[in-house]
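Peer 1: any chance you could fold what I've pasted below:
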Amino acid sequence: MVREREELRSAGTPSLVDDTARPPKIRRRGFVAAGVGAAAVLVLAFLLYGSLVGPERYWLPLDREFMLLRAGPLPAELERFGAGLTAYREHDAVRAAELLGSAEVPESYTRLRDLFLASALALEGRHADALDVLDRLRVERLPMPWRARARWVSYTALRDGGRVEEAASLLDDLATRDDEIGALARHERQRLEKRGTAAYSGTPNSTKPAQ
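Peer 2: Numbers count the residues shown, from 1 in each chain. Below you'll find the model as predicted:
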């Protein structure tokens, strides 16, 4: 635990890139079996959740970024940013959007802030505002897997904002991916097919009318 903490403290600015680092191998069979069992439970929980409410409420993974920022005391200029990430982690989209939208951060943190701000805005129902932030973010320049995750946020904002054709085109593209977002997109497409094309007109979780 001490080693991991020190590694996080020395990692510097979050880069949105964490896929290349592989966790150390666990050699004890008991721990491996426990890990496999826990993974199976998580997958089952995700499938059950998706079958009940669909993927409308998608929250970006945050643990690594949160740990990097909480590894030590935050400098004063990042306190509001850290509070915004805390609100996002607690699934408080309104407060997260408020804090992140007003957080002034060094240039090296702007992409991280804007990505979670766009997601919070989309979850709050401010679809046009979320798309404006994503345009500023230049999603296509983000490293993977964050690029795909940001495009999923774009899809939800387009869908819930009533931009039907753009949403459908983006969903078809995302569904070809062989990763978490691809699986999410394929599940979404099946869900929409069951509900019919009218599902694109908005979702029950939207808190504001389509703009």
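Peer 1: run through the residues that contact residue 91.
Peer 2: residue 59 (Cβ atoms under 8 Å, 6 or more residues apart in numbering). Where C-beta positions appear, they are placed from N, C-alpha and C, glycine not excepted.
Peer 1: try it again with 10 Å
Peer 2: Going by Cβ atoms under 10 Å, 6 or more residues apart in numbering, residue 91 touches 57, 59, 120, 123.
Peer 1: any chance of a PyMOL selection covering the buried ones in the residues you listed?
Peer 2: To isolate the buried members of these in PyMOL, using 16 or more other Cβ atoms under 10 Å:
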select buried, resi 120+123
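Peer 1: export the contacts of residue 91 to TSV and tack on distance to residue 148 and secondary structure?
Peer 2: Converted to TSV, the contacts of residue 91 look like this (distance: Cβ to Cβ, whole Å; DSSP: H, G, I helix; E, B strand; the rest coil):
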residue	distance to residue 148	secondary structure
57	18	coil
59	15	coil
120	19	helix
123	18	helix
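Peer 1: report the two of the contacts of residue 91 separated the most.
Peer 2: Greatest spacing in the contacts of residue 91, by Cβ to Cβ: 57 and 120 (11.8 Å).
Peer 1: before we move on, back to that, now, which of the contacts of residue 91 sits nearest residue 179?
Peer 2: Distance to residue 179 across the contacts of residue 91 (Cβ to Cβ) is lowest for residue 59, with 17.1 Å.
Peer 1: which residues are in contact with both of residue 57 and residue 120?
Peer 2: 91, 93.
Peer 1: just to revisit the earlier point, tell me the one of the contacts of residue 91 nearest residue 134?
Peer 2: Residue 134 lies nearest to residue 120 out of those, by Cβ to Cβ, at 12.2 Å.
Peer 1: that closest one contacts residue 157, doesn't it?
Peer 2: No - using Cβ atoms under 10 Å as the test, residue 120 is too far from residue 157 to be in contact (11.4 Å).
Peer 1: anything in contact with each of those two?
Peer 2: With Cβ under 10 Å, 6+ apart as the test, residue 120 and residue 157 both reach 126, 129-130, 133.
Peer 1: any weak-confidence spans in the chain?
Peer 2: Within the chain, the stretches with pLDDT under 70 are 1-56, 64-74, 197-211.
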